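Participant: no FASTA, just this:
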């Protein structure tokens, strides 16, 4: 496994955005770094709300989860496509959000990996109240599969940024997820 040693949008950017935008935006830091432990404190001080780290990037997830909580942030735990969802399961009751990567981490514009949807569905079935996020190749053509599998948090870069009407894409993604969540709650 290879994660980058450094980060692109670091804590100075978060701090600056927090000052400009106030307390309303929710800052979820997706840390695709090789030593996620070293960035917890700076991100907390900068105003991050949630700290999401890759399970594959640490030898001691329990200690890292505890450190994130003690620094006043919510905890997100990410897995790469090659990592079994069962590897995340022991930590699911200690986290706020599970992130299932639907592309290999590293660069934008990749093709959505539909074969990750059983992981999302399994998490939703096992942990009904857990926030479940998908990241990679998500847009108008793939959102229904994500929402039906149980994802309720969506990361979408290229599909929004390359759109003629980004606001309508965001609304579509949001509405599809909301409708799927309502249907799930009715089915229970």
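Facilitator: That came through fine. Values in this document were obtained by computation on a predicted structure and should not be read as measured data. Numbers count the residues shown, from 1 in each chain.
Participant: for the rest of this, base every contact and every neighbour count on C-alpha atoms.
Facilitator: Will do.
Participant: for the lengthiest helix in the chain, buried residues please.
Facilitator: The residue-count maximum for a helix in the chain (DSSP state H) belongs to helix 166-187. Neighbour-count burial for helix 166-187 flags 169, 170, 173, 174, 176, 177, 180, 181 (criterion: 16 or more other Cα atoms under 10 Å).
Participant: cool, stretch 24-43 as well?
Facilitator: Neighbour-count burial for stretch 24-43, with 16+ other Cα under 10 Å as criterion, is recorded at 27-37, 39-43.
Participant: pLDDT below threshold where in the protein?
Facilitator: The chain contains residues with pLDDT under 70 at 1-9, 188.
Participant: can you map out the helices along it?
Facilitator: Taking DSSP H as the test, the helices found in the chain are 11-21, 40-46, 61-70, 117-126, 143-149, 158-161, 166-187.
Participant: how far away from the center of its chain is the second one?
Facilitator: Between the centre of helix 40-46 and the centre of its host chain there is 18 Å, according to Cα atoms, centre = their mean, to the nearest Å.
Participant: one more: the first one?
Facilitator: Helix 11-21 has its average C-alpha position 20 Å from the chain's average C-alpha position, going by Cα atoms, centre = their mean.
Participant: same for that helix, what does it pack against?
Facilitator: Packing partners of helix 11-21 (3 or more Cα pairs under 8 Å, 6 or more residues apart in numbering; DSSP states H and E): helix 40-46.
Participant: could you rerun that using 10 Å?
Facilitator: strand 28-31, helix 40-46 (3 or more Cα pairs under 10 Å, 6 or more residues apart in numbering; DSSP states H and E).
Participant: again with the fourth one
Facilitator: On a contact count with 3+ Cα pairs under 10 Å, 6+ apart, helix 117-126 meets strand 97-101, strand 131-135, helix 143-149.
Participant: show me how far stretch 48-68 is from its chain's centre.
Facilitator: With Cα atoms, centre = their mean, you get 13 Å for stretch 48-68.
Participant: and stretch 129-147, by the same measure?
Facilitator: Counting by Cα atoms, centre = their mean, stretch 129-147 is centred 10 Å from the centre of its parent chain.
Participant: what about it, how long is it end to end?
Facilitator: End-to-end distance for stretch 129-147, by Cα to Cα, to the nearest Å: 15 Å.
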